[in-house]
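Student: Just need the structure, nothing else, for what follows:
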Amino acid sequence: MADYYCQYKKRLTSEEMQVNAKWIYSYLRSKGWSVNAICACLGNWESECTLNPNRPQHSGFPTDTTGGFGLAQWTPWFKKYGKDMDDVRNDVVKLIEATKIQPEKKENPVFEEGAMYFVRKSWIDKKSQIGAFINLDNAKQARDKAGIEYEVYSATGDLIYPTVIEDSENFKVGDQVKLTQNAIWHTGESIPTWVFTKPLYVRRIQNNGIIAVSTVKVGGITGTIKPEYLDKITISSSTTTKPKANFKNYLVLITASSLNVRNGAGTQYRVNTTVKKGQVYTIVDEKNGWGKLKSGAGWISLQYTKKL
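Tutor: Modelled structure (predicted):
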């Protein structure tokens, strides 16, 4: 494995970015930067250039020098000084050296393999990222502060927090429910009056029993609530889809780091949500190599699963 990657114009892979992130982390920590400051920079630089210090903003570079270049895509340097990139890098180093940041008085944390946690709305939605953290507790606190639409992912894209399950004792993902008269959000906040008039859907069940509900089957979460404040709505058998004759439900283990759940059995259908590596789901129907989830969330490609 290389010490770091800086191929000219190349968009780095996730594995290559992890190598560069560790190199940048170690260097900036040695200069006295705090962990939070470094993570803030890493999150920005990942978006700007995939952590490649040798990547221009525009494909026409070096003929076109109107755009940025390098980790932070330093646009003004070209316009103001007309320097080449060796000079720009030297100036950035001087800028870092001149900050005179006082080192933290505690021992530097060890950067362990894979010990980086990202707070995003989903693993594939990099633009929604609000932070990257070395400490998992800090990542969890940032997620809780940001709201229920955010989740914590590992550097390999695995969902870390909140831990979710597909079924609980009384509810399962996809159930239609209504609020009890005295219902409140699990945070203790009052629920708006209009929510009481709407049918709700169980969207996520955390392993601590808290249930995320929404007024829509796919899309934003309306709120999170304790199960004792929910009543299941029984759907008439005449409106439900009957299972395929002689089809026996079975469990599958997700083997891809992130697998799309689509609105139908094929890549031509829109993506409803994603499921993560290591999670287990029940398949209730099959079609052309695709399996329908029991929760009603949609269909997944069985190519990226293992039958249990």
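
Student: need the strands for the stretch 1-150 of the chain, in chain order.
Tutor: Residue ranges of the strands in the stretch 1-150 of the chain, as given by DSSP state E, counting those that start in this stretch, are 117-120, 131-133.

Student: Deepest in the core, which of these is it.
Tutor: For the strands of the stretch 1-150 of the chain, the stretch with the most neighbours on average is strand 117-120, a mean of 24; neighbours defined as mean count of other C-beta atoms under 10 Å. Quick note: C-beta positions are derived from backbone N, CA and C, even for glycine.

Student: That strand pairs with which strands?
Tutor: When pairing is defined by DSSP bridges, strand 117-120 lines up against strand 131-133 (antiparallel), strand 151-153 (antiparallel).

Student: quick check: mean pLDDT across stretch 267-278?
Tutor: For stretch 267-278, mean pLDDT rounds to 83.

Student: How far away from the center of its chain is it?
Tutor: When distances are taken as C-alpha atoms, centre = their mean, to the nearest Å, stretch 267-278 is centred 13 Å away from the chain's centroid.

Student: is it possible to export the strands of the stretch 1-150 of the chain to CSV including distance to residue 35 and mean pLDDT?
Tutor: Formatted as CSV, these follow (distance: least, C-beta to C-beta, whole Å; pLDDT from 0 to 100):
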stretch, distance to residue 35, mean pLDDT
strand 117-120, 12, 84
strand 131-133, 8, 79
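
Student: for these, which one sits closest to residue 189?
Tutor: Evaluated with C-beta to C-beta, those place strand 117-120 nearest to residue 189, the distance being 21.6 Å.

Student: which residues are contacting the closest one?
Tutor: Under the criterion C-beta atoms under 8 Å, 6 or more residues apart in numbering, residues 43, 126, 128-136, 139, 142-143, 146, 150-155, 160 lie in contact with strand 117-120.

Student: Please pick the buried ones from these.
Tutor: Burial by neighbour count, 16 or more other C-beta atoms under 10 Å: within the contacts of strand 117-120 this picks out 43, 129-134, 139, 142-143, 146, 150-155, 160.

Student: Serialize the strands paired with strand 117-120 to JSON lines and add fields for distance to residue 11.
Tutor: Converted to JSON lines, the strands paired with strand 117-120 look like this (distance: least, C-beta to C-beta, whole Å):
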{"stretch": "strand 131-133", "distance to residue 11": "19"}
{"stretch": "strand 151-153", "distance to residue 11": "20"}
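
Student: Between these, which one is closest to residue 201.
Tutor: Across the strands paired with strand 117-120, residue 201 has its closest neighbour in strand 151-153 (18.5 Å, C-beta to C-beta).

Student: Tell me how far the closest one lies from the chain's centre.
Tutor: Once both centres are worked out by C-alpha atoms, centre = their mean, strand 151-153 turns out to sit 5 Å from its chain's centre.

Student: who's in contact with the nearest residue to residue 308 once chain neighbours are set aside?
Tutor: Counting by C-beta to C-beta, 6 or more residues apart in numbering, the nearest residue to residue 308 once its immediate chain neighbours are dropped is residue 251, at 4.2 Å. With contact set as C-beta under 8 Å, 6+ apart, residue 251 has these partners: 280-283, 307-308.
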